[in-house]
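*Asks:* Generate a structure from the sequence data that follows.
(one chain, ligands or ions: 1)
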Amino acid sequence: MSEKLELVYEGKAKKLFQTENPNILWVEYLGQATALNGKKKDIIEGKGELNNKITSTIFERLHEKGIQTHFIKQISESEQLIEKMEMIPLEVVVRNIAAGSFTRRLAVEEGSVLPFPIVEFYYKEDALDDPFINDDHVKALNIATSEEIELLKKSALAINQALITIFKEINIRLVDFKLEFGKNVNGEIVLADEVSPDTCRLWDATTNERLDKDIYRKDLGDILPIYDEVLKRFESTK
Ligand code: 5GP
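*Replies:* This is a model prediction of the structure:
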């Protein structure tokens, strides 16, 4: 059993603690939600447990499909162990259907199916509000080399295909999502952070009901029953 030692990082939805193994971190998912880069913030008791369980399930299913992630195991209702990573300061977004900032920026109708999955990079920097950047910016800012950029895009697209299948099994359309990658001790680029209704747009495949954080971002209601519905669907396919 691992030991929970000092706090090493506190994010908007998670706290990371060192363990006695220098390469393993202890993650605690928090019962709070934020939007608009932290300008909107609320305590939501129970959200940490739901996101921990959903992310753990998704990472396990990605492992079954041969996709490497930082996830080691779920250790409690709201906690998991992960491999320690040197994080790459990028948000890698993949879009299958037009929504969110894509529709606002490019005046494409929400719900339009894109001709192919689109990969975008955002520079993960709170002080700048995570700006949209291109491959040249990523290289010029020394965030990643050309080879690493190609690998990030290839991995993001492979993860997209795996996630489309994983969500289809629970009658959900994967509209878009955000990934974060890190480098493990061997220097390999691996999927990190979380994959949950906080980081994906998920629409019910029959009704188009929103099953994700847009409910919170747009003040459309309570997210707990929505996240619980996603978890229940996963549990029904175990
Ligand atoms: P958009 O650019 O349309 O706002 O977001 C695209 C996708 O990436 C959505 O699924 C959204 O949930 C996710 N995403 C983008 N930025 C963030 C972020 O800073 N935090 C979280 N949790 N998700 C993000």
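
*Asks:* Looking at the chain, which residue is nearest the ligand?
*Replies:* Proximity of the chain to the ligand (CB to the nearest ligand atom) peaks at Gly100, 2.2 Å away. (Each C-beta comes from the backbone N, C-alpha and C, glycine too.)

*Asks:* Next, the residue nearest to the spatial centre of the chain: secondary structure please.
*Replies:* In the chain, the residue lying closest to the centroid (CA atoms, centre = their mean) is Val195, at 3.4 Å. The three-state assignment at Val195 reads coil, by DSSP: H, G, I helix; E, B strand; the rest coil.

*Asks:* who are the neighbours in contact with it?
*Replies:* Thr55, Ile58, Phe59, Leu62, Leu163, Phe177, Leu179 (CB atoms under 8 Å, 6 or more residues apart in numbering).

*Asks:* In helices, which of these fall?
*Replies:* Judged by DSSP state H, the contacts of Val195 include Thr55, Ile58, Phe59, Leu62, Leu163 as members of helices.

*Asks:* can you put these in CSV and add distance to the ligand and neighbour count?
*Replies:* Shown next, in CSV, are these (distance: CB to the nearest ligand atom, whole Å; neighbours: other CB atoms under 10 Å):
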residue, distance to the ligand, neighbour count
Thr55, 12, 24
Ile58, 14, 23
Phe59, 16, 22
Leu62, 17, 20
Leu163, 11, 24
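
*Asks:* Provide the secondary structure category for Asn52.
*Replies:* helix.

*Asks:* any idea how far the residue lying closest to it once chain neighbours are set aside lies from Arg61?
*Replies:* Leaving aside its sequence neighbours, Asn52 sits nearest to Tyr29 (CB to CB, 6 or more residues apart in numbering; 4.1 Å). Relative to Arg61, Tyr29 is positioned 18 Å away (criterion: CB to CB, to the nearest Å).

*Asks:* what's the spacing between Glu79 and Glu209?
*Replies:* On the measure of CB to CB, Glu79 and Glu209 end up 30 Å apart.

*Asks:* brain fart, Gly38
*Replies:* Gly38 is 27 Å from Glu209, by CB to CB.

*Asks:* Between those two, which has more neighbouring residues?
*Replies:* Glu209 (13 against 9; other CB atoms under 10 Å).

*Asks:* Check what pLDDT the closest residue to that one other than its chain neighbours gets.
*Replies:* Leaving aside its sequence neighbours, Glu209 sits nearest to Trp203 (CB to CB, 6+ apart; 6.9 Å). The model reports Trp203 with a pLDDT of 98.

*Asks:* I'd guessed Phe167 sits against Arg173; true?
*Replies:* Yes - using CB atoms under 8 Å, Phe167 is in contact with Arg173, at 7.1 Å.

*Asks:* any common contacting residues for the two?
*Replies:* Leu202.

*Asks:* who's more crowded, those two?
*Replies:* Comparing Phe167 with Arg173 by other CB under 10 Å, the one with more neighbours is Phe167, at 24 against 19.

*Asks:* Now do the contacts for that one.
*Replies:* Arg173, Leu174, Leu202.

*Asks:* Determine how far the last residue of stretch 83-91 lies from the first.
*Replies:* 19 Å (CA to CA, to the nearest Å).

*Asks:* Contacts for it, please.
*Replies:* By CB under 8 Å, 6+ apart, the residues outside stretch 83-91 that reach it are 22-25, 70-72, 121-125, 130, 138, 143-144, 148, 152, 178-185, 189-190, 192.

*Asks:* can you check stretch 5-21 too?
*Replies:* 2-4, 25-30, 32-34, 38, 41, 48, 51, 81, 194, 198.
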